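*Asks:* When you get a sec, could you give me coordinates for this:
(3 chains)
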Amino acid sequence: MKVEKPEKYNHRSLVVGIYNKLFDEFGKQNWWPAETPFEVVVGALLTQQTKWQNVEEAIKNLKQRGLMDAESIASSDIELLEETIYCTGFYRQKAKRLKQISTFFSENKMEEVFSLPLDELRNTLLSLNGVGPETADSIILYAANRQKFVIDVYTKRIMKCLGIEGNYSQLQELFEKNLPDDVDVYKEYHALIVEYAKKYCVKKKCDICPLTGEFNGPDYL
DNA sequence: CACCAGGTTGACC
DNA sequence: GGTCAACATGGT
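*Replies:* Model prediction:
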């Protein structure tokens, strides 16, 4: 799973170097162990601005009530959904969005949607209410199992500590242009960033971040 | 008590 | 393109 690091210093050595350092410290993450791709979609929506621990509880609740498939959620009462996912916060808008997304996937075969050309797939997901860039890319990467690098607030924070700032698409391009064509590397990388950030980058402090200092990323964006 | 958690939206400049 | 308040609960 390790990626060979190029010799001279450039964007690629930075992107690859960070990956290898995180992999050395945290190892394989094996992220997002869901029973079905649909469960990943549900998790991606519920985890917005929410701790994963609470999402797990909501997923457990949904399963207990037989609501872990698109058709069941699409036809279920909005108030029942609200009650079921209450623990994830923003429960009113999330219940509404969850129902809409489930309706979409009950009317469109998930397998076919996930086989669309990458850009088309992404735009389709983005057109759903409640699905922004990060959620769309999480679904593409972890549910559709296709190559899209997920940028989250932690990724932005870490890169900023290294002197690299950019908007979502700029950062995404930086990673995607410098990583090998390997979905598993994409999956592990994002998971590693989250684990790393939860340990070192809380409260926007860069001073205790071990990456800072090791990689002197100039401002390229 | 203040702040954060694996964001998105709609309004506005 | 960028910024900002809402959205809501539970934990530290």
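*Asks:* does the residue most central in space within chain A sit in a helix, a strand or a coil?
*Replies:* Central residue of chain A (CA atoms, centre = their mean): A:S138, 3.7 Å from the mean position. The three-state label given to A:S138 by DSSP: H, G, I helix; E, B strand; the rest coil is helix.
*Asks:* pLDDT at it, what is it?
*Replies:* pLDDT for A:S138: 98.
*Asks:* State the distance from the residue of chain A found nearest DNA strand B to A:I151.
*Replies:* Nearest residue of chain A to DNA strand B (CB to the nearest atom of the strand) works out as A:G132 at 2.4 Å. For glycine as for every other residue, the C-beta is placed from the backbone atoms N, C-alpha and C. A:G132 is 11 Å from A:I151, where distance means CB to CB, to the nearest Å.
*Asks:* Check A:I18 too.
*Replies:* For A:I18, the distance to A:I151 (CB to CB) stands at 14 Å.
*Asks:* In contact with the closest residue to A:T47 other than its chain neighbours, which residues?
*Replies:* The shortest distance from A:T47 to any non-neighbouring residue, by CB to CB, 6 or more residues apart in numbering, is to A:V55 (4.8 Å). Residues near A:V55 by CB atoms under 8 Å, 6 or more residues apart in numbering: A:43, A:46-47, A:88.
*Asks:* The residue of chain A closest to DNA strand B against A:L126, yeah?
*Replies:* Yes: here A:G132 reaches A:L126: they are 7.2 Å apart, a contact under CB atoms under 8 Å.
*Asks:* The closest residue to DNA strand C within chain A: neighbour count?
*Replies:* The nearest approach of chain A to DNA strand C comes at A:G89, 2.5 Å away (CB to the nearest atom of the strand). By other CB atoms under 10 Å, 16 other residues sit near A:G89.
*Asks:* now do A:K156
*Replies:* 17.
*Asks:* tell me which element it is part of?
*Replies:* Element membership for A:K156, per DSSP states H and E: helix A:153-161.
*Asks:* Pop the domain breakdown of chain A in here.
*Replies:* Segmentation of chain A into domains, based on automatic domain parsing, reads A:11-29+A:149-204, A:37-143.
*Asks:* Considering those, which stretch scores lowest in mean pLDDT?
*Replies:* The weakest mean pLDDT among these belongs to domain A:11-29+A:149-204, with a mean of 92.
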